[in-house]
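Engineer: would you be able to build a 3D model of this:
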Amino acid sequence: MKKTSLNDIAQHLGVSKTLVSFVLNGRGKEFRISDEICKKVMDAAKEMNYQPNRIAQGLRTGKTNTIGLIIADIANPFFGKLGREIEQEAASNGYSVIFCSSDENPEKSKQQISMLQQNQVDGYIISPPMNSESQIRALSKGKTPFVLIDRYFPEIESNYIVVDNFDAAYQATNHLLKLGRKKIANITVNLDLVNMKARTEGYQKALIDFGLEVDKNLVKVLPFSHENNDITRAIIELVGCKDDLKADAILFSTSKLGLNGIECISALGLKIPDDIAVVSFDNADAYKICVSPVTVVAQPLQEIGKKAVNILLDKINSPDDIPKFQQYTLKTEFIVRKSCGS
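Structural biologist: Next comes the predicted model:
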């Protein structure tokens, strides 16, 4: 099927191609085109399913009204939900989003940034993988603005939006301690990630403040690209023998870990929270319908998404009128359900 062109719309309405171009690029008032004509052009474009050529449009206007989004793992419910919030906020501001998932692979994210540059996106929202500092430094030297989400590199000045991971893990662990759990395990992913490191440090500080020693055997650090076998092995090492449980509670640092971990616990014939209490970061939908609904650390996804898009658009539209860097550390919400035994 032939793609509708500016010329097709012009011929349909009996006006010039230039007039149609001005209207569709939002310049109707600038060239004193009447509201009536502007409406006719917009209605015809919609009726004829006109799809603008973003790259050609970018060459004319300097903008493509697209944002490049690179998240760490689209299979993780947290990133899937966050991506949706970003897309909705971008759409409400007239922007489209090109999605990429780096799978925590710096080489892959490098290729994705290159692809997005070729598509002339107006800005980037990035959850940077480990060992991608050089990529972020290169972006900071360029003219295209970017915002980091979920994690950042402390040694690189940038716009970012994160949550208070240390405090969130501290409060979650402290809650389990107050319920009488003394052998609390932490299952997490690579501690080179600044957010995961902060969560483990918050967990450890809560134990110390409660007068307990940190047992390194209760901290299981898995690779980011972990398989189910990795989680199963970690769970078995912690709770494999019902008569001699090494852990009486587990704090999962991501919902992906938590969902797989709860499945393993159930397969071992253990009951939550009778045999072992569970708390997880991120409020996955499945947590609400588990046999024992899961207590969670819920991140403010809507606020993160809105702030990320709005900071980026501020940088795109008024780069000289706002602070050089906007950096936010947001609070989480601790939602208590049955899985922690309270």
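Engineer: when you work out contacts or count neighbours from here on, use the C-alpha atoms and nothing else.
Structural biologist: Noted.
Engineer: and residue 281, what does it touch?
Structural biologist: Residues counted as contacts of residue 281 (C-alpha atoms under 8 Å, 6 or more residues apart in numbering) are 251-255, 258, 296-298.
Engineer: oh, I was asking about residue 256
Structural biologist: Shown in contact with residue 256 (C-alpha under 8 Å, 6+ apart): 76-77.
Engineer: that one: which element?
Structural biologist: Element membership for residue 256, per DSSP states H and E: helix 255-267.
Engineer: kindly format the C-alpha coordinates of whichever helix or strand comes after that helix as PDB.
Structural biologist: Remark: after helix 255-267, the chain's next helix or strand is strand 277-281, criterion DSSP H and E. The C-alpha trace of strand 277-281 is given here as PDB (Å, rounded to 0.1, in the frame of the first residue of the first chain):
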ATOM      1  CA  ALA A 277       9.400 -15.200  55.400                       C
ATOM      2  CA  VAL A 278       9.800 -13.300  52.100                       C
ATOM      3  CA  VAL A 279      10.200  -9.600  51.200                       C
ATOM      4  CA  SER A 280      11.000  -8.400  47.700                       C
ATOM      5  CA  PHE A 281      11.900  -5.200  45.900                       C
END
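Engineer: from residue 120, how far out is residue 287?
Structural biologist: Counting by C-alpha to C-alpha, to the nearest Å, the separation of residue 287 from residue 120 is 39 Å.
Engineer: show me the strands in the chain, by range?
Structural biologist: Counting by DSSP state E, the chain has strands at residues 66-71, 96-101, 123-126, 146-149, 160-163, 184-189, 219-222, 249-252, 277-281, 295-298, 327-330, 333-335.
Engineer: rebuild these as JSON lines, extending it with distance to residue 230 and mean pLDDT.
Structural biologist: Conversion of those to JSON lines gives the following (distance: least, C-alpha to C-alpha, whole Å; pLDDT from 0 to 100):
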{"stretch": "strand 66-71", "distance to residue 230": "23", "mean pLDDT": "96"}
{"stretch": "strand 96-101", "distance to residue 230": "22", "mean pLDDT": "94"}
{"stretch": "strand 123-126", "distance to residue 230": "27", "mean pLDDT": "98"}
{"stretch": "strand 146-149", "distance to residue 230": "27", "mean pLDDT": "98"}
{"stretch": "strand 160-163", "distance to residue 230": "27", "mean pLDDT": "98"}
{"stretch": "strand 184-189", "distance to residue 230": "11", "mean pLDDT": "95"}
{"stretch": "strand 219-222", "distance to residue 230": "7", "mean pLDDT": "93"}
{"stretch": "strand 249-252", "distance to residue 230": "14", "mean pLDDT": "97"}
{"stretch": "strand 277-281", "distance to residue 230": "18", "mean pLDDT": "97"}
{"stretch": "strand 295-298", "distance to residue 230": "22", "mean pLDDT": "98"}
{"stretch": "strand 327-330", "distance to residue 230": "31", "mean pLDDT": "97"}
{"stretch": "strand 333-335", "distance to residue 230": "27", "mean pLDDT": "98"}
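Engineer: I'd like these as JSON lines, with distance to residue 234 appended.
Structural biologist: Shown next, in JSON lines, are the strands of the chain (distance: least, C-alpha to C-alpha, whole Å):
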{"stretch": "strand 66-71", "distance to residue 234": "26"}
{"stretch": "strand 96-101", "distance to residue 234": "26"}
{"stretch": "strand 123-126", "distance to residue 234": "30"}
{"stretch": "strand 146-149", "distance to residue 234": "29"}
{"stretch": "strand 160-163", "distance to residue 234": "27"}
{"stretch": "strand 184-189", "distance to residue 234": "8"}
{"stretch": "strand 219-222", "distance to residue 234": "6"}
{"stretch": "strand 249-252", "distance to residue 234": "11"}
{"stretch": "strand 277-281", "distance to residue 234": "15"}
{"stretch": "strand 295-298", "distance to residue 234": "20"}
{"stretch": "strand 327-330", "distance to residue 234": "31"}
{"stretch": "strand 333-335", "distance to residue 234": "25"}
